[in-house]
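S.K.: Return atomic coordinates for the entry below.
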Amino acid sequence: MNDEQLRILISVADHGSFSSAEESCFMTKQSMFKQIAKLEEEVGCPLFIRSKSGVVLSEAGRIFYDGAKKALKEKEDLITRCRRAQNAEFIRVGSVEHQVILDPVNTAFAKKYPEIEIRRVVHPNHSGEYRVSNRIMDVGETFVSDQEEPVEYNFTPLCDIHYAAAVSINHPLSGKKSVSLKDLVSYQTIVMPMMMRRSYLEEIRNAFAKKPENLIESMNVDSQVETAFAVSESRQILITANPFIRSVGDLVLIPLENDWIRTYGIIYLEPASETVQKYIRTAKETYRSPVWE
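M.R.: You can find the predicted model right below:
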């Protein structure tokens, strides 16, 4: 048996069902089933009594539950004392120049857990998923895409960012409260296909069908910062949902007249350590109220 199995048993027992325990365990229901089955096999008796309405602890399960809580608490206290003595408790957080969703989380986390060091792992764009999956860093930032391949990491959504047209403060459209795609076709408009859903990109291409020369599809996603500053000094337009754009001077963000959004969140591996779970809880608390308005 291992600590992960003990924590799963405690959470399932506290919630009364596997489904209700998914969020607190940072695991899928199927993964928890497998871990409890292994635990019951090792113990040699059923720990839960299952029914259509959920699960309850068996007599043996109640004994095991009490012992598991005590064992985990003693181990956690011991590790915490040792780490604090050596100032060794830390979390590795991904950091990219134009990924800023986790910035307010880092601030809140440092205030709430001053004993835990935040170590920023600077990495190239779109390599955060690789670094989390390979345990080079503990948490990272990403957004929902059209990717259909299975991934090794977990994703917890934090906020939705609406797409907007970023223009210079001197641009002819800068005074408008909102714009449609038709309003943009008379100007050179930059999009980054790798950063957009395919359905959104198709709508843009259709809107520019009569003036395709004005649509610039940039595949260099690593140049987002440079592109934003270049737009601020030109008559070009950048369609974006990246929140870093708000920090670029001399740019105006004009909401698009559609319901396009990009969902940002945090990625991590399961089972999540106690430190990572604290970070995820802090992230959720930080984004309970709108941060990127």
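S.K.: what ranges do the strands span in the stretch 1-150 of the chain?
M.R.: 48-51, 54-57, 90-95, 117-122, 140-143 (DSSP state E, counting those that start in this stretch).
S.K.: Counting by contacts, list what the second one packs against.
M.R.: In this structure, strand 54-57 makes packing contacts with helix 3-15, strand 48-51, judged by 3 or more CB pairs under 8 Å, 6 or more residues apart in numbering; DSSP states H and E. Quick note: C-beta positions are derived from backbone N, CA and C, even for glycine.
S.K.: swap the cut-off to 7 Å and go again
M.R.: Contact partners of strand 54-57 among helices and strands, from 3 or more CB pairs under 7 Å, 6 or more residues apart in numbering; DSSP states H and E: strand 48-51.
S.K.: Partner strands of the strand it packs on, with direction?
M.R.: Within its sheet, and counting by DSSP bridges, strand 48-51 is paired with strand 54-57 (antiparallel).
S.K.: Run the chain-centre distance for the partner strand.
M.R.: 32 Å (CA atoms, centre = their mean, to the nearest Å).
S.K.: Give me the residues contacting that strand.
M.R.: Strand 54-57 has contacts (CB atoms under 7 Å, 6 or more residues apart in numbering) with V12, A13, G16, S17, L47, F48, I49, Y65.
S.K.: Convert the C-alpha atoms of it to PDB, please.
M.R.: Output of strand 54-57 as PDB, limited to C-alpha atoms (Å, rounded to 0.1, in the frame of the first residue of the first chain):
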ATOM      1  CA  GLY A  54     -22.700   5.400  -3.200                       C
ATOM      2  CA  VAL A  55     -20.300   3.700  -0.800                       C
ATOM      3  CA  VAL A  56     -19.900   3.400   3.000                       C
ATOM      4  CA  LEU A  57     -17.000   1.900   5.000                       C
END
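S.K.: Would you check how far apart the nearest residue to A71 once chain neighbours are set aside and G67 are?
M.R.: Setting aside the residues directly before and after it, A71 is nearest to L6 in space (CB to CB, 6 or more residues apart in numbering), at 6.9 Å. According to CB to CB, to the nearest Å, L6 stands 9 Å off from G67.
S.K.: With Q35 instead?
M.R.: From Q35 to G67 the distance is 17 Å (CB to CB).
S.K.: For the two, indicate the residue with more neighbours.
M.R.: A direct count of neighbours by other CB atoms under 10 Å for Q35 and G67 places Q35 higher, at 21 against 11.
S.K.: Tell me if I'm right that that one and E4 touch.
M.R.: Yes - at 6.4 Å, Q35 counts as touching E4 under the criterion of CB atoms under 7 Å.
S.K.: Domain ranges for this structure, per the record?
M.R.: Listed domain ranges for the chain are 3-84, 89-160+263-286, 164-259 (source: automatic domain parsing).
S.K.: Throw those into TSV and include mean pLDDT, thanks.
M.R.: As requested, the domains of the chain are arranged in TSV below (pLDDT from 0 to 100):
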stretch	mean pLDDT
domain 3-84	87
domain 89-160+263-286	87
domain 164-259	92
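S.K.: burial count for Y264?
M.R.: 24.
S.K.: Quickly list what it is bridged to.
M.R.: F143, C159.
S.K.: So it sits against L158, correct?
M.R.: Yes - the pair Y264 / L158 is scored as a contact, 5.8 Å apart, by CB under 7 Å.
S.K.: Show me whatever sits in contact with both of those two.
M.R.: Common neighbours of Y264 and L158 (CB under 7 Å, 6+ apart) are I101.
S.K.: ranges for the helices of this protein?
M.R.: Along the chain, counting by DSSP state H, helices occupy 3-15, 18-25, 29-43, 59-86, 103-112, 128-133, 181-184, 198-207, 224-231, 274-286.
S.K.: what sits up against the first one?
M.R.: I take that to be helix 3-15. Under the contact criterion CB under 7 Å, 6+ apart, helix 3-15 has outside partners 18, 21, 24-25, 32, 35-36, 38-39, 47, 55, 57, 64-65, 68-69, 71-72, 271.
S.K.: Now a PyMOL select for only the buried ones of those.
M.R.: Here the buried members of the contacts of helix 3-15 are turned into a PyMOL selection, burial being counted by 16 or more other CB atoms under 10 Å:
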select buried, resi 18+21+24+25+32+35+36+39+47+55+57+64+65+68+69+271
